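*Asks:* Turn this into a structure:
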Amino acid sequence: MLSTTEILIGAKWFGIATIGFFLLTIIGFISKWGFRFRLVGVTGFMGVLTAGLFGLSLGLFTRVEVPGSVPYSLVYDNGGNQTVIAVSPNITESELTATIKQAAGDLFSPGRLGTGGKLTIRIRTIIHPEVGVSEPLYLGEVKRSLTQREDENLDIKIFPEILAKLESYQSQNVESEG
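*Replies:* Residues are numbered from 1 along each chain as shown. Below is the predicted model of the structure:
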């Protein structure tokens, strides 16, 4: 994905090209070229592209990058105030905290509907204690504002008893593989 700086540079070049086409259109009208009305269309279209790129360069793609976070997948999202993400069962507590913060930044959208003004993001993983048995573990959750993009009051809860269960599962897997 392009950065906002790269998009702004593209908008600048499109602006220069738009001005060039505008001057060419004026010359076309003065010289009574047969395709002068086509130049009006090209100039107008270039103006629309320039305005669009400039709008994108204002920072519509804000994405927070939290160091130490791991990839996650969105499992459930009601488009309002409830989401669930899934992570690998090999996650550590520090990675879990960073990933929760990452998801809180990524999943914010001003278009979300909801009551209570809070977006709740639950984080889970699935372990397989026996062959053919899958057990979902909810490791934690975060509640953040639905209205403020930069929410400094993240309510992060990590469930220590579930995390201890995950760590014992991880240590059993290491022993069985070794």
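*Asks:* So which residues of the chain form strands?
*Replies:* 73-77, 82-86, 118-127, 135-145, 155-158 (DSSP state E).
*Asks:* Mind putting those into JSON lines with mean pLDDT, mean neighbour count and distance to Ser3?
*Replies:* Where you see a C-beta, it was placed from the backbone N, CA and C, and this is true even at glycine. Shown next, in JSON lines, are those (pLDDT from 0 to 100; neighbours: other Cβ atoms under 10 Å; distance: least, Cβ to Cβ, whole Å):
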{"stretch": "strand 73-77", "mean pLDDT": "91", "mean neighbour count": "12", "distance to Ser3": "24"}
{"stretch": "strand 82-86", "mean pLDDT": "93", "mean neighbour count": "19", "distance to Ser3": "25"}
{"stretch": "strand 118-127", "mean pLDDT": "91", "mean neighbour count": "19", "distance to Ser3": "26"}
{"stretch": "strand 135-145", "mean pLDDT": "91", "mean neighbour count": "18", "distance to Ser3": "25"}
{"stretch": "strand 155-158", "mean pLDDT": "91", "mean neighbour count": "14", "distance to Ser3": "29"}
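*Asks:* Relative to Val64, which of those is closest?
*Replies:* Smallest distance to Val64 across the strands of the chain (Cβ to Cβ): 11.6 Å, for strand 135-145.
*Asks:* Tell me the pLDDT of the residue nearest the centre of the chain.
*Replies:* With distances taken as Cα atoms, centre = their mean, Asp106 lies nearest the centre of the chain, 4.1 Å away. You'll see Asp106 listed with a pLDDT of 85.
*Asks:* Select the longest helix from this protein.
*Replies:* helix 4-31 (DSSP state H).
*Asks:* packing partners for it?
*Replies:* helix 36-57 (3 or more Cβ pairs under 8 Å, 6 or more residues apart in numbering; DSSP states H and E).
*Asks:* okay, the angle between the helix it packs on and helix 4-31?
*Replies:* 160 degrees (axes from the mean of the first three to the mean of the last three Cα atoms, to 10 degrees).
*Asks:* Go through helix 36-57 and flag the buried ones.
*Replies:* 36, 39, 42-43, 46-47, 49-50, 53-54, 56-57 (16 or more other Cβ atoms under 10 Å).
*Asks:* If you average the pLDDT over it, what comes out?
*Replies:* 94.
*Asks:* contacts for that helix?
*Replies:* With contact meaning Cβ atoms under 8 Å, 6 or more residues apart in numbering, helix 36-57 is reached by 4-5, 7-8, 10-11, 14-15, 17-18, 21-22, 24-25, 28-29, 33.
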